[in-house]
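*Asks:* Pasting the sequence and the predicted coordinates here, then a few questions.
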Amino acid sequence: MMYDVIIVGGGLSGCSAAIQLADRGYKILLLEQQKYPVHKLCGEFLSVEVIEIFETLGILDAVNAIGAHPIHHAVLTATSGATFEHSLPGTALGLSRYQLDPLLFKRAESLGADCKEGTVVREISGDFASGFRVMTSGGEFTSCVVLAAHGKRSALDSNRPFAARKSPWVAFKSHCDGLDLPGTIELHAFPGGYCGLSMIETGQVNLCWIGHETILQGSADRNLPDALYENPALRDRLDHLVCSPAVRTRLSQISFELKGNFDGDICMIGDTAGMITPLCGDGMAMALRSAEIAVPLVSDYLDGTLSSSRFKQQYQRNWQREFRLRLQLGRMIHTAFIQPKIAQASLNICRSVPAIGHWIIQNTRG
Ligand SMILES: Cc1cc2nc3c(=O)[nH]c(=O)nc-3n(C[C@H](O)[C@H](O)[C@H](O)COP(=O)(O)OP(=O)(O)OC[C@H]3O[C@@H](n4cnc5c(N)ncnc54)[C@H](O)[C@@H]3O)c2cc1C
């Protein structure tokens with residue numbers, strides 16, 4: 001059977017695209033290599049703007065029923081002890097990927113998308129003119145359009161220029177007991193990285209740090225490197241938190257480059273096109289939003305009202321217009337926050353002139 005669209009990767013952007021396209025009546029195949037539910041590396045902080053997208057995707061009631069933790073307040077600390085606090089411009093949510101991803105995957109299935117878990121995509125070939133062939137661990141499939149939503153880095157990226165460049169960023173996440181942080185996201189800088197703490201639906205605290213790979217050298221416990229303990233506010237939290245042995249995920253080679261919106265005629269959505277630095281807490285909203293940008297263009301292309309070249313041009317233009325500056329600003333504040341003196345000065349400035357902190361928060365999100 002020839003599908004209208006094959007979507008590679010059943011994370012946020014892939015499921016979101018599958019839901020919207022299946023809802024419009026197209027024949028969709030959604031391929032995910034893992035079997036849900038699964039713990040994924042993420043801060044699990046869903047920014048305010050996600051609520052509206054969840055409503056459009058028809059999962060907001062289910063998210064509330066799971067008991068996503070409401071978050072209204074952000075606290076940032078520097079290694080020196082400088083602190084900046086800010087109210088969020090609405091209600092954000094703490095929800096584990098263990099719950100969220102399968103919820104979206106099942107929603108796509110309920111709307112008629114053909115959803116296959118445990119299916120690894122090995123190769124994609126073809127183009128708009130002759131159609132696409134997608135080779136997987138579960139057989140071969142064909143389609144008119146392929147949306148690549150396979151995330152930060154995958155074997156499928158081996159020929160893309162960003163994959164040839166090494167990235168020094170490593171990250172770790174765990175779910176922890178021993179402390180309550182109701183309604184608050186905390187972001188603690190330490191030399192070479194930062195750590196986010198916020199509550200999720202289980203009542204546990206999600207601990208997620210990202211740092212330069214050099215912080216792992218010589219650390220006694222390689223999950224929580226010594227550098228984290230240099231920030232006294234974070235050290236105080238870590239003294240109370242107990243990480244669950246069942247939920248520990250790590251990732252390396254995390255890239256914040258702009259990776260390109262197309263590889264040949266394969267359209268890239270979510271992290272596959274580019275990821276904002278985690279400090280902004282907006283990667284999931286961006287992944288969901290990139291699917292919203294792609295879907296109407298895919299639809300017009302399939303209906304014959306948009307040529308393939310206009311599809312490519314318009315997706316690229318719309319994506320760059322919406323995300324390019326945010327990604328650059330995200331990289332700048334990430335770089336500043338991991339350097340103790342700059343983090344201290346920046347937080348002091350934000351405390352003295354809260355409008356600056358407010359401007360940064362506004363401009364790193366949609
Ligand atoms: C340390 C860290 C913390 C973060 N914290 C936050 C946060 O608190 N809030 C926030 O909004 N964002 C956060 N983000 C960003 C956020 O996690 C991502 O931007 C978001 O998950 C992107 O969604 P996606 O759909 O593009 O990719 P993903 O959600 O990663 O989905 C990609 C999917 O593709 C599948 N896949 C890969 N290769 C194949 C293949 N060959 N065949 C089939 N399937 C395949 C994968 O299994 C995966 O399920 C964080 C990122 C990092 C690195």
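*Replies:* Ah, there it is.
*Asks:* so where do the helices sit in the stretch 151-300 of the chain?
*Replies:* 161-164, 232-240, 283-303 (DSSP state H, counting those that start in this stretch).
*Asks:* Buried deepest among the ones you listed, which one?
*Replies:* Comparing the helices of the stretch 151-300 of the chain by mean neighbour count (mean count of other CB atoms under 10 Å), helix 283-303 comes out on top with a mean of 22. Just so you know, the C-beta spots here come from the backbone N, C-alpha and C atoms, and that holds for glycine as well.
*Asks:* List the buried residues for the helix or strand that comes right after that one?
*Replies:* Toward the C-terminal end, the helix or strand that comes next after helix 283-303 (DSSP states H and E) is helix 308-337. Buried positions in helix 308-337, judged by neighbour count with 16 or more other CB atoms under 10 Å: 311-312, 314-316, 318-319, 323, 326-327, 329-331, 333-334, 336-337.
*Asks:* can you give me the angle helix 308-337 makes with helix 283-303?
*Replies:* Using axes from the mean of the first three to the mean of the last three CA atoms, to 10 degrees, the direction of helix 308-337 lies 170 degrees away from that of helix 283-303.
*Asks:* which bits of this structure sit near the ligand?
*Replies:* 8-14, 31-34, 41-45, 47, 120-121, 149-152, 154, 156, 171, 208, 210, 254, 270-272, 275, 278, 281-285, 287 (CB under 6 Å from any ligand atom).
*Asks:* Quick check on the residues you listed: which are buried?
*Replies:* Among the residues of the chain next to the ligand, those classed as buried by 16+ other CB under 10 Å are 8-14, 31-33, 41-45, 47, 120-121, 149-152, 154, 156, 171, 208, 210, 254, 270-272, 275, 278, 281-285, 287.
*Asks:* Tell me which of the helices of the stretch 151-300 of the chain sits nearest to residue 196.
*Replies:* Residue 196 lies closest, by CB to CB, to one member of the helices of the stretch 151-300 of the chain: helix 232-240, at 10.4 Å.
*Asks:* So which elements touch that closest one?
*Replies:* Contact analysis of helix 232-240 by 3 or more CB pairs under 8 Å, 6 or more residues apart in numbering; DSSP states H and E lists strand 184-190 as its packing neighbours.
*Asks:* neighbouring strands for the strand it packs on, and are they parallel or not?
*Replies:* Partner strands for strand 184-190, per DSSP bridges, with pairing direction: strand 69-77 (parallel), strand 193-199 (antiparallel).
*Asks:* Highest mean neighbour count out of those?
*Replies:* Counting by mean count of other CB under 10 Å, the most buried of the strands paired with strand 184-190 turns out to be strand 193-199, with a mean of 25.
*Asks:* How about residues contacting it?
*Replies:* By CB atoms under 8 Å, 6 or more residues apart in numbering, the list of residues contacting strand 193-199 from outside reads 43-45, 69, 71, 94, 180-182, 184-188, 205-212, 215, 227-228, 234, 237, 241, 278-279, 281, 337-338.
*Asks:* re the thing from before, kindly reformat the strands paired with strand 184-190 as TSV containing mean pLDDT.
*Replies:* Shown next, in TSV, are those (pLDDT from 0 to 100):
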stretch	mean pLDDT
strand 69-77	94
strand 193-199	96
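*Asks:* Point me to the residue of the stretch 51-200 of the chain nearest the ligand.
*Replies:* residue 151 (2.9 Å; CB to the nearest ligand atom).
*Asks:* Which residues are in contact with that residue?
*Replies:* Residues in contact with residue 151 (CB under 8 Å, 6+ apart) are 9, 11, 270-272.
*Asks:* Now, those that are in strands?
*Replies:* Assignment to strands by DSSP state E places none of those there.
*Asks:* Check those against residue 80 and report the nearest one.
*Replies:* residue 271 (32.4 Å).
*Asks:* Pretty sure that closest one sits against residue 287.
*Replies:* Yes: using CB atoms under 8 Å, residue 271 is in contact with residue 287, at 6.3 Å.
*Asks:* so what sits against both of these two?
*Replies:* Shared contacts of residue 271 and residue 287, defined by CB under 8 Å, 6+ apart, are found at residue 13.
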